[in-house]
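Colleague: Pasting a predicted model and its sequence here:
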Amino acid sequence: MLDILAWLIWLSTLMLLFVRYLHQAVWVVAGTSILLSAMSFVLFIETREGGLLIAALLTLLVKAFFVPGYLLRTLQKVGRPLETVRYLGRMGSLLVGLLLSVIGGRLFSTWASRLALGPLNGPSTPSLEHTTAMGRALGGTDVLMTVALIVLLLGAFMMIDHRKVLMQALGLVTMENGVVLLATSLGYQMPFFVELGIFFDLLVTIVVVGMLSYQMIEALGSMATDRMQRLKG
Amino acid sequence: MMNELIRLVWITLAQAFVVLFFSPLFNGVIQKTKALRTGRWGAPVVQPFYDLLKWFKKDVTLAETHSVLTVCVPYAVFTLMLLLNMSVPMISTAVPIAWLSDVFVFIYVLATVVVLLALAALDQGGGFGALGSSREMMLNFFIEGALMATLLVIVYAGGTESLALSIVTYGKVTNLGISYFLLLLAFFLLVVAEMGRIPVDNPDTHLELTMVHEGMVLEYSGRYLSLVMWTQMMKSWLFASMFVNVFFPSWDLSKALAAFLIGQSNYETVSFAGTVLETLLGTIFLLLKMLALGIIIGWVETTFAKMRLFKVPQLLGAALMLALLSFLASLTP
Amino acid sequence: MRSAQSTNCPSDRMYVAPRSSRLWAGFVYILFFMIYAASFVWLLTYLSSSSPLSHRSDILFTYAVLPDVYWTVGLDRLSAFFALIIVFLGLIVQVYAWGYEQKVGGFKGFFEGLLLNAFIVSMLLVVLARDMFFFLWAWETMSLLSFVLLMKKGDEPAVAKAGTLYVIMTHTATGFLFIMFLILARLSGGSTFPEMAHMRFYIPPSLAAGIFVLAVIGFGTKAGLVPFHSWLPEAHPLAPSHVSALMSGVMITLGYYGLLRIVYDLLPPAPLWWGILLMVIGAATAFLGILYGLTTSNIKRFLAYSSIENSGLLALALGSAWVAKAWGADELAGTFIAAFFFHLIVHALFKSGLFLGAGVIEHVTGTLDVDKLGGLMRRMPDVATMMSLFFATMALIPPLAGFTGEWIMYRSYLDLLRVSPDVLGKMGVLMPILVLAFSGMMTMGLALKHFALIFLAAPRSKEAQTAYPASIFMRLALYVVAFFLLVLSASPALTYHLSASLALSFGLMPREPFFTEFFPLWLVTSIPVLLLVFITVRLKFGRPKVVHEPIWACGISPHPHVQVTSYAYSQSLALLFKRILGFKIVYRRVSSEQVDEDVKKYVPVRLFHQSKLKDWAYEGLYVPLARYIVRASERIRRIQSGNVQMYLAILFSVLLLLLWWISPRFWR
Amino acid sequence: MNCVLEAGLLIAIIVLPFVTASLAAMRALSASRDSVQIIGASVLLLLTLFAITLLFKRSGEALVLLPGWLALDALGAFMVLLIALIGFLATLYGIPYMAEEFRAGRFSSSAYRRYVFLFHTFLGAMITAALMMNLGLLWVGIELTTLISALTVSFYGRPTSLEAAWKYVLMGSVGLTLALLGLIFLFVATTNVPELQGQALDWQLLHETRNLLAPNWMMLAFVLTLVGYGTKAGLAPFHFWLPDAHSESPSPVSGVLSALLLNTALLGLLRMLSIMPDTLLAEAHTLLRTIGAFSLLFAVPFIFVQWDIKRLLAYSSVEHMGIIVLALGAGGVSGTFAALLHMFNHSVVKSLAFFSAGRISQVYGTKRIAQIKGAVHAMPFVGGVWMLAMLGAAGTPPFNVFLSEWLIMKTLFTEGHVVVGTLMVTAVVLVFAAFVTVTVRMLYGTPETKEGHASPSEARGAGGVPERATRLLGGTSLWMGISFVVLAAYVLIGGVVVPSSLTTLIRWAAELL
């Protein structure tokens, strides 16, 4: 179940590399976030840890509803559908994304499985299996971890590849998704305050990004990063 | 003690007389040789002396813009040149003014004379004086450097820093061999240069393109001109006498002859009369040698052409190299 | 008090700020004058009373800036000696500055007075510092303050350029000193000089050599050694004259203070090649320094070149001392050290005198260009007399102290020639002798040229014609310097004993002075002979009848512009050394408007002549280096392209690189 | 009683800036906005000083508000002191500066209120971050500072300032995401330490049990936080946002960004470094030295050829951050001590530099170095201060920065890092060369006017240089003058006399790590 969710997240991330319009991308992100939230919920059912439920709810609230809603509103202010622009083109980006996924998958899966198996280097290295509740509950940790790292990688690639401000912001969100996924896979047990803080932060980031992109459209009439190369040297 | 003092006074007077009187004559000898070589009879040998006296008697014309330097310099350079002449052994091994004969003091006092003359040349504000002064300082730069090297070789061989002692002892140093001849050549070039003779300078010309020393003294007249010219003659005399005394010494000869004539076999303890005799003999030998040198220089002057000014440093550089080679040769037996 | 209202040229030059507004500045000068006077007396008694063999590097007190960063202050004979010179010049400068800075009043004058004295005090701190932090602190503060003083006239592009060059070069040199001291600190584990001195014999030779080279570069830049000299002829002439005097008189010698301190206190005994290296650099500096001075027509610039030359002579003496020591001639080594200090004192005196005098000339005529001066002898005979004394000392005219210092060196070289073990050594020793001779002769020619162009003949410009008498305070300063210089010349033994005692504190016993009789003998022989000649001529031929006529100028009436110019005078030598100087002459026709009406009728073809001197170290080393750095910088700057994707790509790839770096622990 | 006092004090310190921000931004109080700001900032400074006296009374033991969450230890106290001090001076400077911008019609009155609000919130966020004893919350605090300051960077709303803000937010967020990843790995590393269960990111506990943490995971976490916080702290090659943000924001903010924000990011790095297991320290130090030396050297070309004053100063910040990290990489208490002292000195000198540069470019109406000439005549006081700041920032004696730079060089050399030390000397010398050239070019010469060149005295009244610049203190108003004088005085004196209380505080902080 978790593995399937993870692969779905990966697929939706790949889609981000392929979409044609910005508002479509926002919808895809919203979908990814729902998947993430669902994952947390599944974990909650398996482990009965209260934190996970809150995480699921927060993810749903913030990432699936609030952020996309805000971004869509920003996009609506422009009044016309905006196209995504990439350095490598749509197919090229998709190919590179697939390539990254394959390479990253190979690298990370061996690493992640070793990680999950037990002591690697010396006595003080933790073995996830017997230290965390999560570790005990999960069979598919290594898949989750692999996917998380791939998503991180794809997010980074997205930010480099895309030439529209908003897509870069979505890349950032994707990276954060990856981090959250990883945290989940490793046994998400951060203190409640911290978790809350992180979510709050994400929220503010997106708001700031949205504000900036809105201002940018007003000031520059575009969200293309090509227009933003005045500050040099 | 008293004896020593009397002897010193005698030598001082004798040498001063020789320098003051014979330096114009030496010039006269050269002029005479040149005249004869060019098929003229020429002026008598004592003509330079007459010239000096004539200038002394004349009134003085000075530039409007001159300062006190112009009138002070002739006396100063005359004095200094006389002192320099007194600081080297000339007619006997004794030296009237020993303290000046340190080789470095000697060279720097000599340079002071040049500097003073060059300064006086600039004082009048004329174009020619400055021209001569400029050229003189350029030549001086090379001459003094070569002179330093040459005199160093002599002094090094003498084993002391005193030029006077070394002049006496240099000729006595045996097994100099090739070094001796190299130095002789170097010194001869220097003598020619210091005297301001062809091929370095032409004392007979008053053409702005060629003159060096004559340019410097162009604005001088009357007694000041006379003093300056006399200084120049004494300078020639100084170098020429040094040259002949270093390379063709006759000290022992005159000393031995004096001892023989007076009837003393041991010529270490000559009496006052012996000293007088020795100096007289020394003077005679010196004059003979100088006559020969004068003729040679006159011969050189009529044989060679004057060099282009910018070629002169090469000549002096050659002198410097010869001196250095001579030094090297003296080190390697 | 003169009024400021009139606008024409000479009165503007004569403007004096109201005395009441200058009170504050005066207060500063008087205060520091008293401080320096007291310390001068105290230092003299210290130097005369303390034993030459007393322990060096005595620490007086320590102040902790931070728990382990100190200001350690100490005084030994070496420091006291340099402090004495600084304080002496400080005294003179206080008097001089009051006359020189007449135009500045109020707070500005006060501030500038403070700045000047801060500079002097920072030099004092340099010689008193006994630990590396404080030393570098004081050293760099000194450089910075001299830069600030220099930038007083910073609005002129030339000054701004020179100041920038100066401060950059000196700071770069200090960078070398930083590295040197830090390596020393690492080797010795201490930071004060006495602590470091404990370990000096344990420093391996190769490291000691490296430290020595760093020290030569670092201190040599301050001392103006070739090829680190390029800043000196630019910066020294442009500073106010009393600052130039301080910079040339003492500041450059502080480079030697540092070198002495390092080599004698903190490093193992100097091997032969250190001495040879310093001798070669010194010889090159002495010769090239004065050679570069050939073509300049700015007095202060010429004086700066002469400072380079003299600095080279100091290096020569120091290097020779080490060579002599390495050849086992301890007495000779001591004599060289004594000659070094002797020349240092004399140079400090005559060079500051010359700079102060040049300042007077600039003050009264408004120009430093000798081609525009002339005939000042009649307008200010006293200044001319004193300047002639300074110039003569510089030109090594015999009975004066300048010659005496050189004489000691010559004599020592002659002995070194005899001491040296092999043919190569002997031929090598000839080199410094010839360099001394050649540079000495060149100095003579140039000194005489500058003196003559400034003071003799007819004025070449309106400025020189309308020169007004200089302030008494400025002349007073000159009188004092001249007086001391005369004393030094008359009794060189006094100076020599001081120098010898300093050499003694380095453990080297110099020989007895041989020149004590020189000055009196000079007097008793030359003066009577001169009088004799004069009286004889007078008695025989009577008073001369003098007629004053214009000079002969090929039939036309002479004009001041016909007189020789600075460049023309030394052109023949300059042309001969064209290769070395990298010298270029540009002739071009100028349009007739540019030519002075007076000149027009004498000069049929109007040619403009310009000589370009190329400082090979500057053109061949520093300019290409700077150009290279700028070009490389411009290339690197392209990374900041404004493209955020690129930034992110760099960020991620560096992250991957770092991860790859630590990855071995995960792939094991 | 004492406990309550402490708690109240800490709460006040945290809350006060936000209160100041809200009050000053209120429309009703816009008449007395300046006084509200000044009172707020000065009370904050006083409270901080009071808290530090309390800290001194207990000889360095932390003041605790919420155990494990909020406390004021020596390091925090040092940071808060820095923030309160520079914040206070920046407020003083900002009042006349922004008033003049406002008069010039660069922004609306509501924007002015927004600025005031953001400025003080920014200070508050940094103080909050400094007080966080939990690494997760520290991360949150730092992220918050990014977001708030991004809004101040984009304050003018010009295309370029939006661009700068965008790059800043994007790179800062990416960096902080990586730091968060690092924190997660840190969390992994703690999982087999029983003491840490449930308190996983408590710095105090982590510090105590640091040798029990899993070394490999710690290394991974360290690299990620180094890159993450390093991006925020402007270490090369993650610094690309920095010159843009610093040059585009209003000058008071530029000063604060450079003097405080970068240090706050370094605080995260410091806290992370201090919990590294002892066995990893050598490797971590090598990493730090590499990055530090690289930043140091990388900044040089940008400083060498630069046309914008504020960008110049921004690159100088990159250089100084490199120096600080280098000092951290030198290791030991002495290295940390030197790093913290350098942080302080750099903050003072760099805020002074940004403030004076801001004033100069305000008067001249340009940030281009080539267009600014003769500043020392047009505005002698500010020109002098600018020269002081530049020479100080270049690390020359006798100014304060030299002291800490010397300490760092000495530490590097005595610890055996001769090559890195030599590189540092080289870079410092090169930076000095560039700074002097720029300073001389700006200060001297004839100011350009609209009609062309004019003599300095003429230019005072003429077009290029406004008339008001010629008044006392070069047109600086009282508040601005005070901030200049205070900072300049410390730059001048700080190389000779360092307050012993400051050294004690720094020593405690260094020993804490």
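Modeller: Perfect, I can see it now.

Colleague: these two touch, right, C:Gly210 and C:Ile183?
Modeller: Yes: contact criterion C-beta atoms under 8 Å: C:Gly210 and C:Ile183 qualify, at 7.4 Å. For every residue, glycine as well, the C-beta is placed using N, CA and C.

Colleague: Looking at those two, which one has more neighbours?
Modeller: In this comparison of C:Gly210 against C:Ile183, neighbours counted by other C-beta atoms under 10 Å in any protein chain shown, the higher total goes to C:Ile183 at 19 against 15.

Colleague: What parts of the stretch 51-200 of chain D come near chain A?
Modeller: Contact residues, the stretch 51-200 of chain D versus chain A (C-beta under 8 Å from any C-beta of the partner chain): D:69, D:134, D:136-137, D:139-140, D:143-144, D:147, D:150-151, D:154, D:157-160, D:162-167, D:169-170, D:173-174, D:177, D:180-181, D:184, D:187-189, D:191-192, D:198-200.

Colleague: List the ones among these that fall in strands.
Modeller: Here DSSP state E is the test, and these give no hits in strands at all.

Colleague: and chain C, which of these contact it?
Modeller: Among these, proximity to chain C is found for D:163, D:166-167, D:170, D:174 (C-beta under 8 Å from any C-beta).

Colleague: Throw together a ChimeraX command that grabs the buried residues out of the residues you listed.
Modeller: The buried residues among those can be selected in ChimeraX (16 or more other C-beta atoms under 10 Å in any protein chain shown) with this line:
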select /D:163,166,167,170,174
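
Colleague: Take the ones next to chain C among the residues of the stretch 51-200 of chain D next to chain A and write them to a markdown table, including pLDDT.
Modeller: Converted to a markdown table, those look like this (pLDDT from 0 to 100):
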| residue | pLDDT |
| --- | --- |
| D:Glu163 | 89 |
| D:Trp166 | 89 |
| D:Lys167 | 91 |
| D:Leu170 | 89 |
| D:Val174 | 92 |
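
Colleague: Closest one of the ones next to chain C among the residues of the stretch 51-200 of chain D next to chain A to C:Ile35?
Modeller: Set against C:Ile35, the nearest of these by C-beta to C-beta is D:Lys167 (57.2 Å).

Colleague: what residues are up against the closest residue to that closest one other than its chain neighbours?
Modeller: Counting by C-beta to C-beta, 6 or more residues apart in numbering or on different chains, the nearest residue to D:Lys167 once its immediate chain neighbours are dropped is D:Trp241, at 4.6 Å. Counting by C-beta atoms under 8 Å, 6 or more residues apart in numbering or on different chains, D:Trp241 touches C:647, D:164, D:167-168, D:170-172, D:231, D:234.

Colleague: returning to that earlier point: narrow the residues of the stretch 51-200 of chain D next to chain A to those in helices?
Modeller: Members of those lying in helices (criterion: DSSP state H): D:136-137, D:139-140, D:143-144, D:147, D:150-151, D:159-160, D:162-167, D:169-170, D:173-174, D:177, D:180-181, D:184, D:187-189.

Colleague: List only buried entries from these.
Modeller: With burial judged by 16+ other C-beta under 10 Å, the buried subset of those is D:136-137, D:139-140, D:143-144, D:147, D:150-151, D:160, D:162-167, D:169-170, D:173-174, D:177, D:180-181, D:184, D:187-189.

Colleague: which strands and helices sit next to whichever helix or strand A:Ile34 is part of?
Modeller: Under DSSP states H and E, the secondary-structure element containing A:Ile34 is helix A:22-47. Applying 3 or more C-beta pairs under 8 Å, 6 or more residues apart in numbering or on different chains; DSSP states H and E, one finds that helix A:22-47 makes contact with helix A:2-16, helix A:50-58, helix A:67-78, helix A:133-137, helix A:165-187.

Colleague: I'd like those laid out as CSV, including mean pLDDT, mean neighbour count and distance to chain C.
Modeller: Shown next, in CSV, are those (pLDDT from 0 to 100; neighbours: other C-beta atoms under 10 Å in any protein chain shown; distance: least, C-beta to the nearest C-beta, whole Å):
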stretch, mean pLDDT, mean neighbour count, distance to chain C
helix A:2-16, 85, 20, 16
helix A:50-58, 79, 18, 27
helix A:67-78, 81, 18, 19
helix A:133-137, 44, 16, 19
helix A:165-187, 82, 26, 7
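
Colleague: Redo those as a markdown table? Include distance to chain D.
Modeller: As requested, these are exported to a markdown table (distance: least, C-beta to the nearest C-beta, whole Å):
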| stretch | distance to chain D |
| --- | --- |
| helix A:2-16 | 15 |
| helix A:50-58 | 12 |
| helix A:67-78 | 14 |
| helix A:133-137 | 9 |
| helix A:165-187 | 5 |
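
Colleague: any chance of those helices in CSV, with distance to D:Thr439 too?
Modeller: Listed next are those as CSV, based on distance: least, C-beta to C-beta, whole Å:
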stretch, distance to D:Thr439
helix A:2-16, 50
helix A:50-58, 53
helix A:67-78, 45
helix A:133-137, 59
helix A:165-187, 38
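
Colleague: Apart from its neighbours in sequence, what residue is nearest residue 68?
Modeller: I'll assume chain A. A:Pro68's closest residue in space is A:Ala30 (C-beta to C-beta, 6+ apart), at 3.9 Å.

Colleague: Not quite, go with chain D.
Modeller: For D:Gly68, the closest residue by C-beta to C-beta, 6+ apart turns out to be D:Asp202, at 4.5 Å.

Colleague: can you map out the strands along chain C?
Modeller: Assigned by DSSP E, the strands in chain C fall at C:59-66, C:69-74, C:546-549, C:584-589, C:607-612.

Colleague: Quick check, the residue in the stretch 201-333 of chain B closest to chain A?
Modeller: B:Phe310 (53.9 Å; C-beta to the nearest C-beta).

Colleague: and which of the contacts of D:Trp241 is nearest B:Ile178?
Modeller: D:Gly234 (76.4 Å).

Colleague: Tell me, what's the model's pLDDT at the residue nearest to that closest one when sequence neighbours are not counted?
Modeller: With C-beta to C-beta, 6+ apart as the criterion, D:Gly234 has its nearest non-adjacent residue at 4.0 Å, and that residue is D:Leu242. Confidence at D:Leu242, expressed as pLDDT, is 93.

Colleague: now do the one 3 residues further on
Modeller: Per-residue confidence (pLDDT) for D:Ala245: 93.

Colleague: which element is it on?
Modeller: Using DSSP H and E, D:Ala245 sits in helix D:241-248.

Colleague: quick check, the very next helix or strand once past that helix touching chain A?
Modeller: Downstream of helix D:241-248, the next assigned helix or strand under DSSP H and E is helix D:251-256. No: Helix D:251-256 does not reach chain A (C-beta under 8 Å from any C-beta); its nearest approach is 13.9 Å.

Colleague: which residues are in contact with helix D:251-256?
Modeller: With C-beta under 8 Å, 6+ apart as the criterion, helix D:251-256 contacts D:86-87, D:90-91, D:93-94, D:97-98, D:119, D:122-123, D:149, D:152-153, D:155, D:246-247, D:310, D:313-314, D:350-351, D:354-355, D:357-359, D:361-362.
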